[in-house]
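*Asks:* Pasting the sequence and the predicted coordinates here, then a few questions.
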Amino acid sequence: MRFFYKRKTNQYIIVIPDEFSSRRNDSNGKCIYCEHYNTSPAWCQSCDPWKATQEWTSGNEEIDNFIKKFQFKTTEYEKVIEWIPFNKLIDFQEIKEINEESDLEFTASWVKGVRIIKGDPGKYMQSRSISSVDLMKLNCPQTDTLELFENFKNHMQLGKYRIHGITQNTETGQYMIVIDFYSDKRKSINGNCNIVTDITPLQFGVNYAILEKWIKKTSEIRKLMIVLKNFNLRLRHLKTLLNGFHLTD
């Protein structure tokens, strides 16, 4: 830290070294607040964590402070943990019966949507759109925030799925984490699901319109398999017939 005296205004100016300077890169784009290069695509470690902590509340100061601690440590736009109001989740579908041993309760659509980065190097932009998410219950009493925090930390440390944040079921009071349960299975080498065009690929919680499309495509595939099977049988029969001929000059 250094001090400079500005004679024209009779003021002292504090110059604070940029602790993130080594991580700034022009390919990450520029921060709209400090106008320095971002520290990761569309994310400025000096400005964006502070911005993420503003203009929201869970209604519980302890939970607010807990989430904000994660937000201040966030190093990438897509990894921000949020408080997600329950009324911003729609189209609930219960999925508990799929796996009784799982703590998964619902799949739903998140109106605000997951964080995604758009654009090309040097011009990355923060973006969001309505997305499919999974809701997993946190096994702890509603009034025991310490147990809630420990439970959440354990899920974060496991790193098995992408965690978007915490919500509270307004009907039951149950705290839940909002996640992408299948994120560990998603790999670019697998390609994209051509049925679901949302940023979250096909999950157990698909809506009926999507399911109907999938069934139709499956039916078409089965028909094709039958055709191929018949063709293969005919090919084998032809090969047998040809083997029965003794070709001579």
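*Replies:* Right, received. Where do you want to start?
*Asks:* Sketch out the low-pLDDT regions of the protein for me.
*Replies:* For the chain, applying pLDDT under 70 flags the ranges 1-8, 11-17, 96-102, 182-249.
*Asks:* Now with 80, please.
*Replies:* Along the chain, the model assigns pLDDT under 80 to residues 1-19, 95-103, 139, 141-143, 182-249.
*Asks:* any chance you could map the helices in the protein?
*Replies:* Secondary structure of the chain (DSSP state H): helices located at 48-52, 61-73, 145-158, 208-243.
*Asks:* What are the structural domain limits within the chain?
*Replies:* Under the assignment automatic domain parsing, the domains of the chain span 47-205, 207-241.
*Asks:* What is the burial count for residue 77?
*Replies:* 21 (other Cβ atoms under 10 Å). Any C-beta I mention is one placed from the backbone N, CA and C, and that applies to glycine too.
*Asks:* show me what contacts it?
*Replies:* 40, 41, 42, 43, 48, 115, 117, 126 (Cβ atoms under 8 Å, 6 or more residues apart in numbering).
*Asks:* Any chance of a markdown table for those, columns distance to residue 174?
*Replies:* Formatted as a markdown table, the contacts of residue 77 follow (distance: Cβ to Cβ, whole Å):
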| residue | distance to residue 174 |
| --- | --- |
| 40 | 34 |
| 41 | 35 |
| 42 | 34 |
| 43 | 32 |
| 48 | 31 |
| 115 | 25 |
| 117 | 32 |
| 126 | 31 |
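*Asks:* Going by distance to residue 80, which of the residues you listed wins?
*Replies:* Within those, the smallest distance to residue 80 is 6.1 Å, found for residue 115 (Cβ to Cβ).
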